[in-house]
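[1] Okay, sequence plus prediction incoming.
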There are 2 protein chains.
Amino acid sequence: MSSTTKTNTRVKTTIQNVAELAGVSKMTVSRVLNNDDKVSDKTRAKVQKAASQLNYRPNISARRLASSKSYFIGLLYEPPCEKGYVSQFMLSGLKSCRKRGYHLVVDECDGTQGEKLKITRDLVEETKVDGLILLPPLCNNIEILNELKSLNVPYIRVSPDIELDLSPFVCMDDYQAAYEMTNLLIARGHRAIGFIIGPPEVGASRLRYQGFLDAMRSKKLPVPPEYIEQGMFSYKSGLTAAKLLLDRANKPSAIFASNDDMAAAVISVANSLGLNVPTDLSVVGYDDTPLATTIWPHITTVQQPIAAMAETSISLLTSGQVNKLEQASLSELRHVLDFEIKERDSVEVN
Amino acid sequence: MSSTTKTNTRVKTTIQNVAELAGVSKMTVSRVLNNDDKVSDKTRAKVQKAASQLNYRPNISARRLASSKSYFIGLLYEPPCEKGYVSQFMLSGLKSCRKRGYHLVVDECDGTQGEKLKITRDLVEETKVDGLILLPPLCNNIEILNELKSLNVPYIRVSPDIELDLSPFVCMDDYQAAYEMTNLLIARGHRAIGFIIGPPEVGASRLRYQGFLDAMRSKKLPVPPEYIEQGMFSYKSGLTAAKLLLDRANKPSAIFASNDDMAAAVISVANSLGLNVPTDLSVVGYDDTPLATTIWPHITTVQQPIAAMAETSISLLTSGQVNKLEQASLSELRHVLDFEIKERDSVEVN
DNA sequence: CTGAAAGCGCTTACAG
DNA sequence: CTGAAAGCGCTTACAG
């Protein structure tokens, strides 16, 4: 019996087989599978047992053909996105979709505002996605959000800068992460800590900076203006900022850069100045991009929960929770996921 | 009329509509769409005209349901893969599949050899992919190739090290690229050129090295052993090699690293030694990974034709050419795609 | 709460 | 070379 079941997984089992085993009609099986309310608990249990016994997996193509749903989730990104961010999200999203019998349709949303709107509309109307995921900075594009709203397609915003509307979003707590990272540096004995701010047009920049400032203040540590530099998230801007921070007599013993590219630049400048990282200077970054574990020393950084963001987004979109938006409380819309501080080799006890 | 056609693209047109416009049966339309031989040229033309007039796009789900084909292409990769390589391939592959009405199913093939074989089998038997793309180093895994052969699934090997079998593959000419890159350095006036070799277990390492050697020899330039170091493709190994190459009186004026990570390491070592890149030392890499355009100076490197590799692979797999393997000539199986040398800021006239 | 019928848009197999 | 019929595996809409 058990061996028969095993071989059965190789043979395609249909809704009809499940119906027969459970002793009900295909219709009832379909209802159970789609979480329809009006099925008695007893029947539901019978069907579920039969389905799992046969290792039944619904045929998506048949579903798609018969139903009004497309079983497609769209993922829209806008270049240039932080390197690696899109692909990490995509890889996780692909897996999350697959295990639910959905497919992820990834599209680049580039060009003028008009072209972006067109790409968005096409994805909705041609591919007929059941839901859309908007990566930053697209998730802050109010016209696209409005278009989606009028098209009546549920969407999730990933790490939005501001609460433009009452749509659901996933994000991490940038303020808290920067606060904790700063505390880690302080705990290692650092008092003179430099900071490179991210570009002002990115909302997270302010939060990361504020987290740093508050952590310093809570420990009554000074934050002299010459220890603060403005960066643009690019490696090159990190180079410039690091030179200003380090090419002086009274230099910080640690530098917190608002992203990994700039942190890597700090390490490079330190080296060219004859400073060893981490013995002479500790450096921390933010994002945990591939670069953080490419260069040497590997950078201590904040790991964004990208896989969890993808999983949460797709879970919300496929469970249909997003459709019940009107009744949803704010707490159901906001998903603040846990970050992790990855301690590596760029920090040392001072 | 023209405006009607435009609005029609919004309404879903079916094979039935095309059949009616062309004055034939659905069956005939289906034959034309699937490139069936036995259709008269006249009928074919009529159908094609009607289809394009209606902007007809076949419904993949209906096709999948009715046919024995799945319209899925599998992409199998094995971590750790060169950073960015997989995601670049994936992004391109996603687009190539989409425009053909296919879907790309991406899966990570990790673990023991037994687990890898199981993942491969599952992808074939459960998802029923019509074809598989094997990224390196999976494409050199003879057991997986054999398994696929016995499962009778067509596959494409991407940048395989060796010709293990008579299956089709896509690749670029590593030897030629290294040859040309070396010539570029020579043309810029460099005579003393150092080289960092890639890991011996990667077939391309040998080809790149040989291309370098032959270019030097053809110009009668010396290649002293102290200018050659062994690397492992990692940044850290590049650091070690670069120190050996640069921390001496008689140093090369240019260094050719076998990949970008090591080239970035060379730049870092140069900086810490007080050498400016490119004025004191020219550096070139290979692969054109995101890192090459992240750090400063941006690295002059060889761009692998990843998008073209993805497009070619999917084109071969979806056109059904791969099935006619037996009759295929070798030239039809081998697809050596054009590379491009990206000249950036890490090389200067000597 | 449950089911019989019809149909989604294609292709397969069979005729002619 | 072309077509009428049946069916892929589900869901929708309608009964009861």
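    Yep, it's here. Numbers count the residues shown, from 1 in each chain, chains lettered A, B, ... in the order given.

[2] Check the burial of the single nearest residue of the stretch 201-350 of chain A relative to DNA strand D by counting its neighbours.
    Using C-beta to the nearest atom of the strand, the closest approach of the stretch 201-350 of chain A to DNA strand D is made by A:Gly320 at 11.8 Å. C-beta: built from backbone N, CA, C; applies to glycine. For A:Gly320, the count of nearby residues is 14 (other C-beta atoms under 10 Å in any protein chain shown).

[3] mind checking how far it is from B:Asn183?
    To B:Asn183, A:Gly320 is 60 Å away according to C-beta to C-beta, to the nearest Å.

[4] same thing with A:Lys116?
    Distance from A:Lys116 to B:Asn183, by C-beta to C-beta: 43 Å.

[5] Next: A:Gln304.
    A:Gln304 is 43 Å from B:Asn183, by C-beta to C-beta.

[6] how about A:Val24, secondary structure?
    coil (DSSP: H, G, I helix; E, B strand; the rest coil).

[7] List the contacts of it.
    A:43, A:46-47 (C-beta atoms under 8 Å, 6 or more residues apart in numbering or on different chains).

[8] got it, and A:Phe233?
    A:82, A:198-199, A:202, A:258-259, A:261-262.

[9] Mind checking which of the residues you listed are buried?
    The neighbour count (16 or more other C-beta atoms under 10 Å in any protein chain shown) marks A:82, A:198, A:202, A:258-259, A:261-262 as buried among the contacts of A:Phe233.

[10] Which one of the contacts of A:Phe233 is nearest to A:Leu148?
    A:Val202 (22.2 Å; C-beta to C-beta).

[11] how close does that closest one sit to A:Leu333?
    22 Å.

[12] thinking again about what came up before, identify, from the buried ones among the contacts of A:Phe233, the entry nearest to DNA strand C.
    A:Glu82 (39.5 Å).

[13] where does that closest one land on pLDDT?
    Among the per-residue scores, A:Glu82 shows a pLDDT of 67.

[14] likewise the one 4 residues further on?
    According to the model's per-residue confidence, A:Val86 sits at a pLDDT of 87.

[15] how about the residues of the stretch 201-350 of chain A that lie near chain B?
    A:235-236, A:239, A:261, A:264-265, A:267-268, A:271-272, A:274, A:290-291, A:294-296 (C-beta under 8 Å from any C-beta of the partner chain).

[16] Among these, give me the pair with the biggest separation.
    A:Gly274 and A:Pro290 (27.9 Å).

[17] where does A:His171 land in three-state SS?
    Not His; residue A:171 is Cys. strand.

[18] residues in contact with it?
    A:158-160, A:309, A:334-337.

[19] Also A:Leu91?
    B:86-87, B:90, B:106.

[20] Now a ChimeraX select for only the buried ones of those residues.
    The buried residues among the contacts of A:Leu91 can be selected in ChimeraX (16+ other C-beta under 10 Å) with this line:
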select /B:86,87,90,106
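
[21] quick one: which of the contacts of A:Leu91 sit in helices?
    Counting by DSSP state H, the contacts of A:Leu91 place B:86-87, B:90 in helices.

[22] coming back round to it: compile the contacts of A:Leu91 into CSV and extend it with columns for distance to DNA strand C.
    As requested, those are exported to CSV (distance: C-beta to the nearest atom of the strand, whole Å):
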residue, distance to DNA strand C
B:Val86, 32
B:Ser87, 32
B:Met90, 27
B:Val106, 25
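
[23] Break down the stretch 1-150 of chain A into its helices, ranges please.
    Along the stretch 1-150 of chain A, counting by DSSP state H, counting those that start in this stretch, helices occupy A:2-8, A:15-22, A:26-33, A:41-53, A:60-66, A:85-98, A:113-125, A:142-151.

[24] Tell me which of those helices is the most buried.
    helix A:85-98 (a mean of 21; mean count of other C-beta atoms under 10 Å in any protein chain shown).

[25] Please export the C-alpha coordinates of that helix as CSV.
    Once non-C-alpha atoms are left out, helix A:85-98 reads as follows in CSV (Å, rounded to 0.1, in the frame of the first residue of the first chain):
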residue,chain,number,x,y,z
TYR,A,85,18.8,43.5,-4.4
VAL,A,86,16.6,42.7,-7.3
SER,A,87,18.1,39.3,-8.0
GLN,A,88,18.0,38.2,-4.4
PHE,A,89,14.4,39.2,-4.2
MET,A,90,13.7,37.5,-7.5
LEU,A,91,15.4,34.2,-6.5
SER,A,92,13.4,34.1,-3.2
GLY,A,93,10.2,35.1,-4.9
LEU,A,94,10.6,32.4,-7.5
LYS,A,95,10.7,29.8,-4.8
SER,A,96,7.9,31.3,-2.8
CYS,A,97,5.7,31.3,-5.8
ARG,A,98,6.5,27.9,-7.0
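
[26] one step back: where helices are concerned, which of the contacts of A:Phe233 count?
    A:261-262.

[27] Next, format the contacts of A:Phe233 as a markdown table and append distance to A:Ser61.
    Below are these laid out as a markdown table (distance: C-beta to C-beta, whole Å):
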| residue | distance to A:Ser61 |
| --- | --- |
| A:Glu82 | 36 |
| A:Gly198 | 45 |
| A:Pro199 | 45 |
| A:Val202 | 41 |
| A:Ser258 | 46 |
| A:Asn259 | 42 |
| A:Asp261 | 43 |
| A:Met262 | 47 |
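
[28] which one among the contacts of A:Phe233 gets closest to B:Asn34?
    Checking the contacts of A:Phe233 one by one against B:Asn34 (C-beta to C-beta), the nearest turns out to be A:Glu82, at 42.7 Å.

[29] Got the domain ranges for chain A?
    Using automatic domain parsing, the domain parsing of chain A gives A:2-58, A:72-172+A:307-338, A:174-304.

[30] out of A:Gly274 and A:Pro290, which sits in the more crowded spot?
    A:Pro290 (19 against 10).

[31] Could you double-check that the more buried one sits in contact with A:Gly84?
    Yes. Assessed by C-beta atoms under 8 Å, A:Pro290 is found in contact with A:Gly84 at 5.1 Å.

[32] coming back round to it: burial-wise, tell me which of the domains of chain A comes out on top.
    domain A:174-304 (a mean of 21).

[33] and the residue of the stretch 101-250 of chain A nearest DNA strand D?
    Closest point on the stretch 101-250 of chain A to DNA strand D, by C-beta to the nearest atom of the strand, is A:Gly101, at 9.6 Å.

[34] quick one, which of the helices of the stretch 1-150 of chain A is nearest to A:Met172?
    Within the helices of the stretch 1-150 of chain A, the stretch nearest A:Met172 is helix A:85-98; the backing value is 12.7 Å (C-beta to C-beta).

[35] between that closest one and helix B:85-98, how many degrees?
    60 degrees (axes from the mean of the first three to the mean of the last three C-alpha atoms, to 10 degrees).

[36] how about the helices in the stretch 201-350 of chain A?
    According to DSSP H, counting those that start in this stretch, the stretch 201-350 of chain A carries its helices in the segments A:203-218, A:235-246, A:260-272, A:306-319, A:330-333.

[37] For the fourth one, what is the distance to the chain centroid?
    This points to helix A:306-319. 9 Å (C-alpha atoms, centre = their mean, to the nearest Å).

[38] just checking, what packs against it?
    strand A:72-77, helix A:85-98, strand A:131-134, strand A:155-158, strand A:169-172, strand A:334-337 (3 or more C-beta pairs under 8 Å, 6 or more residues apart in numbering or on different chains; DSSP states H and E).

[39] ok so, going back, going by distance to chain B, which of the buried ones among the contacts of A:Phe233 wins?
    Taking C-beta to the nearest C-beta as the measure, chain B sits nearest to A:Asp261 out of the buried ones among the contacts of A:Phe233, at 5.8 Å.

[40] How about the contacts made by whatever residue of chain A ends up closest to chain B?
    In chain A, the residue found nearest to chain B is A:Ser87; the distance is 3.1 Å by C-beta to the nearest C-beta. By C-beta under 8 Å, 6+ apart, A:Ser87 lies in contact with B:84, B:86-88, B:90-91.
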